[in-house]
Every structure is written in C-alpha cells, then in structure tokens.
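Visitor: The following comprises the amino acid sequence and a computationally predicted model.
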Amino acid sequence: MAEPEAGVDACQRLMEETVRIFRETYPACEPTIAVAAPGRVNMIGEHTDYNQGFVLPMALPLVTVVVGCKSTDGVISLLTTAKEADEPKRLEFPAPSEANPLSPGLPRWANYVKGVIQHYRASPLPGFKAVMASNVPLGGGLSSSASLEVAMYTFLQQICPDDGDLVEKALTCQKAEHTFASMPCGIMDQFISVMGRKDHALLIDCRSLEVTPVPLIDPNLVVLITNSNVRHTLTGSEYPTRRQQCMEAAKALGKESLRDVCMADLEAAKTCLEAEVYCRARHVISEIKRTTEAADALKARNYWEFGKLMVQSHNSLRDDYEVSCRELDELVAAAMDGEGVYGSRMTGGGFGGCTVTLVDAAAVEKTIQRIKDRYSGTATFYITKPSNGARVLKL
Ligand code: GLA
C-alpha cells in the first residue's frame, strides 16, 4: 500500500511532535515560533537549472519543520531529530558577528543550517533555540536539504525580519548550500521550496527566475513518487563534473550557457566537442525543449503527451547524461509496463533516489503492486499533491 497521503495533518502532527521534543530538550523555555518548508519533486527539466533552462517542479506535502524561540544570551542552540544525521545531534555556538563568522565543519547536518544563518539577509541575529524535524526522506532526492535551509531561513525571518524578498531568500539558501555544503546546486530546489503553490506545478525560467504556475489538480490523475531507497555513494564529483562539462560545451559554442544553444548549433559543432561533452549538451538542450513542451501539454491536460516527454527525459538522463542507475531504470520500466500509466522518470540529481510517475487514479494501486513485484529492492511509495511553499505554522 502507498503511504497515506502526507498532507496538512502530517505537517500538524510533525509540528506537535517537534513542540513536545522542544519542551523536553529546553524545559525552561516555551516555543513561540513554528515554520515549515516543503521538499519537492521535479516533474521534468532535470539538470537544466544550472544551464539557465526551464524546470517544472512541484512542492510536496512532505516538510521540514522548525520550532523554537528567541533567547537573550546570544547563543544559538540547535537539535535535529533526524535519525540519519551524524552526531552530535545537539549543538550550541554563539550567534555570528562580523568579527566572528560561522564556518562549515562537523556535524555535517548542521552545515545547511549554519550556512543559512551566516548568509541571512538581516542583522543582528539574536540567539535562539530551535528543534528541527522532517518527514522528507533524507538523501532521497526530494530536496530534504533545501527544505531544511528554507525552513531555517523562514524561522530567522520570524526573529529578525528581512525585507521579505522571496527570490533573494531562495538565492541565499542556494548560497548556503554552495558555501557550507560544497554542493554547487542550481536554484530549483530552494526556489520551489520557497514559492511552491498548492494545486500547481511551477514552470521556472532559471535565467529570468520568472514563474508560470501550471494547474495540476485533476482528480483522475495521481503523481506517484517511488523511492528506490538506494543512494549510490559515488565520489561526489559527478554533479560538479556534469556542470563543468555543460559550461565547457557552452563556451566551445561561444555562448554564455546551453540555454542559448539549439540542436542545430550543437550538431554543427559536434566534431569540435569531446564525445562525452557532446552527449551531456545534447541532454540539456533537448531537456529544456521538452520541459516547455511538457508545461504546454499539462496546461492542455494532454497527459499522454506529457508522459511521453517524461519517458524521453528519463532515457536522455540515462543514456546521454549518465546519471540514472539500474534501480531507477528498473522502477521506470516496471511502472511503464501496464495500463493507465502516462509516464515515469527518475527525478532529482540521480544515482539513486526517486522516480516520479504520472498515472491514472484508477490504475495507481495496480501500478504500485507491479513495481513492488518487479523491483529487485524495496521501494517506498508516496501519493502526492502539489502543495504550498514555506510558511509560518500556528502553534
Ligand atoms: C539537484 C540540484 C538541483 C538540480 C537537480 C537536477 O537536485 O540541487 O539544483 O540541478 O539536482 O535537476
């Protein structure tokens, strides 16, 4: 069975549980602030954000919650409830100042939080106590880290308000990930976690950062996420290498980014590019086109067309971009081999994590069963709906 739809109730329950842990951890204090920021699933437009292309993600009902209060001692006290987080799960440090900035280190989980605190856009930050909890699977490719960053930023906005600029908020969280987690990610994850809109996927132009909401509310349609529950620990250099190869291709073609390159330009320059670089660029250029076409198909409720583009995206990520893996390919093949399934693809950075499948509501249980029967590992399923971005919760 799929997990029960994680929605408003799950967020409320998570908040209540976090409040309980806060009171247990800091018996002398009462929490005054609670915020939530969602994870995301990307419907299509993979590895296009750092090429100034288009992406089409939606925010999930799965969230990271931060509960806490201001303190007067200038000390920041943090606790994570994540089982997978490295030790220690609780730590304290002085609120940063110009003379005493924060820097990344151990435990690793705290780097996302420290990065956001260090780059926060208003000052002076007072001390505070906070407990963080999440129902976004950690490292599952559903942007658990972006949801943590955006949740922390939203928390800081309550204790030391900034100017409220949402684009700058997303960019600051991205900067935290670059500088404190050494992950040169694009803008998609933080952006959708900030801007997510209930009942809509967002077509984001990662060059202008302009957003077009696309309704995704058909009661006959289900967005099914399947977690492969594998994460291949590669050297960690795959993502930066892909990014580098894209820049190399754009430069060889005399353009600022692959957004400005069309397939004909690429074909004309094929002999000047290394074979691998050519393939990487072919994925990005074709994926940018597929993403705008998919947004149009979704607007027209043409789910078969949308699904076809999803499968093409998966194949391109597998063959040209080489970021899929056996498990993700198995999940997509199993999903597609039955009735009522429009499309399926790996989602997120790749090398494990999740697939996303667009399926007719009447076919969803059969689809889940088929995936379970055929998958060589143990999968986890989420039936999800597009949800709102970061928000303040009522305590
Ligand atoms: C990761 C990054 C995103 C994006 C995806 C691939 O999730 O954080 O910026 O590049 O990979 O589409």
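Guide: Now that the structure is in, tell me what you want to look at. Only a predicted model underlies this, so the values are computations on that prediction, with no experimental measurement involved.
Visitor: hey, let's count contacts and neighbours off CA atoms from now on
Guide: Will do.
Visitor: Within the helices and strands, which one has residue 64?
Guide: Using DSSP states H and E, residue 64 sits within strand 57-71.
Visitor: Contacts for whatever helix or strand comes next after that strand next, please.
Guide: Counting by DSSP H and E, the next helix or strand C-terminal to strand 57-71 is strand 75-80. Residues from elsewhere that reach strand 75-80 (C-alpha atoms under 8 Å, 6 or more residues apart in numbering): 89-95, 126-133.
Visitor: What of stretch 328-343?
Guide: Here stretch 328-343 has contacts from 226, 228, 303-304, 306-311, 344-346, 352-355, 357-360, 362-363, 367-368, 370-371, 374-375, using C-alpha under 8 Å, 6+ apart.
Visitor: And residue 91, how far from the ligand?
Guide: 26 Å (C-alpha to the nearest ligand atom, to the nearest Å).
Visitor: What about that residue, how many residues nearby?
Guide: 13 (other C-alpha atoms under 10 Å).
Visitor: Would you mark the buried spots in stretch 343-361?
Guide: Neighbour counts over stretch 343-361 (16 or more other C-alpha atoms under 10 Å) mark 343-361 as buried.
Visitor: Those: which ones sit near the ligand?
Guide: 348, 349 (C-alpha under 6 Å from any ligand atom).
Visitor: show me the contacts for the residue most central in space within the chain.
Guide: The chain has residue 143 as the residue nearest its centroid, 3.0 Å off, counting by C-alpha atoms, centre = their mean. For residue 143, the contacting residues are 39, 40, 41, 136, 189, by C-alpha under 8 Å, 6+ apart.
Visitor: returning to what we had before: inside helices: which ones of the buried residues of stretch 343-361?
Guide: Judged by DSSP state H, helices contain none of those.
Visitor: which of the contacts of strand 75-80 are buried?
Guide: For those, buried by 16+ other C-alpha under 10 Å: 89, 94, 95, 126, 127, 128, 129, 130, 131, 132, 133.
Visitor: need those residues in a markdown table with pLDDT, can you?
Guide: A markdown table is the format used below for these (pLDDT from 0 to 100):
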| residue | pLDDT |
| --- | --- |
| 89 | 98 |
| 94 | 97 |
| 95 | 97 |
| 126 | 97 |
| 127 | 98 |
| 128 | 98 |
| 129 | 98 |
| 130 | 98 |
| 131 | 98 |
| 132 | 98 |
| 133 | 98 |
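Visitor: how many other residues sit next to residue 342?
Guide: 23.
Visitor: Relative to residue 298, which of the contacts of strand 75-80 is nearest.
Guide: residue 133 (33.6 Å; C-alpha to C-alpha).
Visitor: Run the angle between the strand or helix carrying the closest one and strand 57-71 for me.
Guide: Here residue 133 sits within strand 127-134, counting by DSSP H and E. Taking axes from the mean of the first three to the mean of the last three C-alpha atoms, to 10 degrees, one finds strand 127-134 and strand 57-71 inclined to each other by 150 degrees.
Visitor: and the angle for the helix or strand just after strand 127-134 with strand 127-134?
Guide: Downstream of strand 127-134, the first helix or strand assigned by DSSP H and E is helix 144-159. Orientation note: helix 144-159 sits at an angle of 150 degrees relative to strand 127-134 (the same axes, to 10 degrees).
Visitor: who does helix 144-159 touch, helix- and strand-wise?
Guide: strand 33-42, strand 57-71, helix 109-119, helix 166-180, helix 188-195 (3 or more C-alpha pairs under 8 Å, 6 or more residues apart in numbering; DSSP states H and E).
Visitor: Identify whichever of these lies nearest to residue 83.
Guide: Nearest of these (C-alpha to C-alpha): helix 109-119, 11.1 Å.
Visitor: who touches residue 288 in this structure?
Guide: 45, 48, 53, 54, 55, 259.
Visitor: Report pLDDT for it.
Guide: What the model reports for residue 288 is a pLDDT of 98.
Visitor: looking at this, it is in a strand?
Guide: No: going by DSSP: H, G, I helix; E, B strand; the rest coil, the assignment for residue 288 is helix, not a strand.
Visitor: For it, give its distance to the ligand.
Guide: Taken as C-alpha to the nearest ligand atom, the span from residue 288 to the ligand is 11 Å.
Visitor: do residue 390 as well
Guide: 17 Å.
Visitor: residue contacts, the residue nearest to that residue when sequence neighbours are not counted?
Guide: Distances taken as C-alpha to C-alpha, 6 or more residues apart in numbering put residue 37 closest to residue 390, at 4.0 Å, once the chain neighbours are dropped. Shown in contact with residue 37 (C-alpha under 8 Å, 6+ apart): 63-65, 147-148, 150-151, 154, 193-194, 389-391.
Visitor: For residue 88, grab the count of nearby residues.
Guide: 13.
Visitor: wait, is it part of a strand?
Guide: No: if the criterion is three-state DSSP, then residue 88 is coil and not within a strand.
Visitor: Identify the spatial nearest neighbour of it, chain neighbours not counted.
Guide: Nearest one to residue 88, counting by C-alpha to C-alpha, 6+ apart, is residue 107 at 6.4 Å.
Visitor: now swap in residue 367 and tell me
Guide: Here the residue nearest residue 367, using C-alpha to C-alpha, 6+ apart, is residue 335, at 6.1 Å.
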